[in-house]
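Engineer: Dropping a prediction and its sequence here:
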Amino acid sequence: MDKKALVVEDDRNIAELLRLYLEKDGFAVTIAENGAAGVAQFEQNSPDLVLLDIMLPVIDGWSVCKEIRAVSNVPIIMITAKGETLDKVTGLEMGADDYLVKPFEVGELLARVHAVMRRTGSSDETGARRLEFESLVIDMDSFELHVAGKRVDAPPKEMELIFHLASSPNRVYTRNQLLDEVWGFDYFGDSRTVDVHVKRLREKLENVSDKWSLKTVWGIGYKFELLEERQE
């Protein structure tokens with residue numbers, strides 16, 4: 001696991017549930033049961049993501065968020081039973097990236113995690129907004145797709161989809177994972193949306209190279225298959 005998450009939550013059942021699902025999603029998880037411990041754990045572990053309850057002992061979540069924001073831009077998702085608009089605005093004004101109200105579905109939580117990591121750039125390595133393979137350049141800074149040396153028109157979602165797949169060569173994604181991670185938690189479509197976008201991308205990438213391909217994994221989903229090491 002190369003991603004670290006800090007969960008600051010005084011309800012042990014909720015904290016352990018968050019640990020379980022975040023670990024399944026590839027995070028190494030540290031739990032703090034009060035605000036002061038949360039600040040201390042943040043300083044010790046430098047996590048890549050913070051899930052932060054508001055109603056905490058010792059120091060409340062708003063104060064923890066403020067202290068973290070004074071030294072770091074790490075993604076922060078506030079998790080709380082308080083759903084009033086004022087609480088949401090307060091959290092966001094103090095620097096939180098998103099806000100989730102208890103009770104919540106685990107699927108929604110993970111989708112928000114993926115969306116926040118993607119928006120803040122925390123899911124990408126430094127300089128990884130441009131990917132290059134033989135006869136293919138995916139440039140997310142300029143939102144340009146270059147195939148065989150020529151710029152090819154591609155709508156934003158096609159760009160995001162091919163970038164997401166190509167960022168983890170040979171990793172298989174289910175359609176639902178792609179809906180969560182590319183379209184986001186607020187998208188209420190079905191998996192055929194992914195199929196349509198993959199079909200359109202294939203039409204643009206067909207027979208360009210024998211060193212990579214956009215491949216269907218039958219019964220599961222899709223992957224960007226790389227047959228040789230990525231070109232530097």
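Structural biologist: Yep, it's here.

Engineer: where exactly do the helices run in this structure?
Structural biologist: 12-24, 35-45, 61-69, 85-93, 106-120, 156-166, 175-178, 192-205 (DSSP state H).

Engineer: Least reliable of those helices by average pLDDT, please.
Structural biologist: Note on the helices of the chain: lowest mean pLDDT is at helix 85-93, with a mean of 66.

Engineer: was I right about residue 165 contacting residue 222?
Structural biologist: Yes - with contacts counted by Cβ atoms under 8 Å, residue 165 reaches residue 222, the gap being 6.5 Å. No exception for glycine: its C-beta is placed from N, CA and C like everyone else's.

Engineer: who touches both of those two?
Structural biologist: 173, 178, 214 (Cβ atoms under 8 Å, 6 or more residues apart in numbering).

Engineer: Can you tell me the number of residues neighbouring the last one?
Structural biologist: Just to be clear, that refers to residue 214. 19 (other Cβ atoms under 10 Å).

Engineer: list the contacts for it?
Structural biologist: By Cβ under 8 Å, 6+ apart, the neighbours of residue 214 are 162, 165, 198, 201-202, 205, 222, 224-225.

Engineer: For the residues you listed, which entry has the maximal number of neighbours?
Structural biologist: Neighbour-wise, these (other Cβ under 10 Å) top out at residue 224, 26 neighbours.

Engineer: Look up the pLDDT of that residue for me, please.
Structural biologist: So, for residue 224, pLDDT stands at 95.

Engineer: Once you drop chain neighbours, what's closest to it?
Structural biologist: residue 165 (4.0 Å; Cβ to Cβ, 6 or more residues apart in numbering).

Engineer: Now the residue positioned nearest the centre of the chain. Nearest residue, chain neighbours left out?
Structural biologist: Closest residue to the average C-alpha location of the chain: residue 114 at 2.3 Å, with Cα atoms, centre = their mean. In space, and not counting its chain neighbours, residue 114 is closest to residue 181: 4.5 Å by Cβ to Cβ, 6+ apart.

Engineer: Would you mind writing the CA trace of stretch 98-110 as CSV?
Structural biologist: What follows is stretch 98-110, C-alpha atoms only, in CSV (Å, rounded to 0.1, in the frame of the first residue of the first chain):
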residue,chain,number,x,y,z
ASP,A,98,-15.9,17.6,0.6
TYR,A,99,-18.5,16.9,3.2
LEU,A,100,-20.3,13.6,3.9
VAL,A,101,-23.3,13.3,6.3
LYS,A,102,-23.9,10.2,8.5
PRO,A,103,-25.4,7.8,7.8
PHE,A,104,-23.8,7.2,4.4
GLU,A,105,-23.4,4.4,1.9
VAL,A,106,-19.8,3.1,1.7
GLY,A,107,-20.0,3.3,-2.1
GLU,A,108,-20.7,7.0,-1.9
LEU,A,109,-17.9,7.5,0.6
LEU,A,110,-15.4,5.7,-1.7
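
Engineer: Before I go, just wanted to say thanks for your time.
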